[in-house]
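Novice: Output the structure for:
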Amino acid sequence: MLKDVRAEIQKIDDQIIELMAKRTGLAEKVLDAKRKERVEINDEEQNRAVLKRAVEAATERGMDAGAVKRIYEVLIEMSIERQRELSGRGKLQP
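Specialist: The predicted model follows:
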């Protein structure tokens, strides 16, 4: 029983990682659009909108909105850092 539940959790964890990779993978398209629209890589207004949407969705589902917000803060930072790397301004760039 426990083994089966843990296997199900592992499948969900794999899906979460895949979705995170897809989300981060969109950084190049986002960066191209931001360049065309002359928007800074770190778009604070958009960040606030994403966090608000995530917190509202978590609240509607009875989840810990604070924890979900922290997760989305990390996702946003991952996207920003990927965009910086693509633009040659990432932490790994000289």
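Novice: from here on, contacts and neighbour counts on C-alpha atoms
Specialist: Will do.
Novice: Can you list the low-confidence ranges for this structure?
Specialist: 91-94 (pLDDT under 70).
Novice: can you give me the helices for it?
Specialist: For the chain, the helices identified by DSSP state H occupy 2-25, 27-37, 44-60, 65-86, in order along the chain.
Novice: Can you tell me which of the ones you listed is packed in deepest?
Specialist: With neighbours defined as mean count of other Cα atoms under 10 Å, the helices of the chain peak in mean count at helix 65-86, which reaches a mean of 17.
Novice: What angle do helix 2-25 and it make with each other?
Specialist: On the basis of axes from the mean of the first three to the mean of the last three Cα atoms, to 10 degrees, helix 65-86 is oriented at 40 degrees to helix 2-25.
Novice: Keeping just the C-alphas, turn helix 65-86 into CSV.
Specialist: Only the C-alpha atoms of helix 65-86 are listed here, as CSV (Å, rounded to 0.1, in the frame of the first residue of the first chain):
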residue,chain,number,x,y,z
ALA,A,65,-0.7,29.8,-0.2
GLY,A,66,2.5,31.0,1.4
ALA,A,67,4.3,27.8,0.4
VAL,A,68,3.0,28.0,-3.1
LYS,A,69,4.1,31.6,-3.4
ARG,A,70,7.6,30.6,-2.3
ILE,A,71,7.7,27.9,-5.0
TYR,A,72,6.6,30.4,-7.6
GLU,A,73,9.3,32.9,-6.5
VAL,A,74,11.8,30.2,-7.2
LEU,A,75,10.3,29.4,-10.6
ILE,A,76,10.3,33.1,-11.5
GLU,A,77,14.0,33.4,-10.5
MET,A,78,14.8,30.3,-12.6
SER,A,79,13.2,31.9,-15.6
ILE,A,80,14.9,35.2,-15.0
GLU,A,81,18.3,33.6,-14.6
ARG,A,82,17.8,31.5,-17.8
GLN,A,83,16.9,34.7,-19.7
ARG,A,84,20.0,36.4,-18.3
GLU,A,85,22.2,33.4,-19.4
LEU,A,86,20.6,33.5,-22.9
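Novice: list the contacts for Ala21?
Specialist: By Cα atoms under 8 Å, 6 or more residues apart in numbering, Ala21 lies in contact with nothing.
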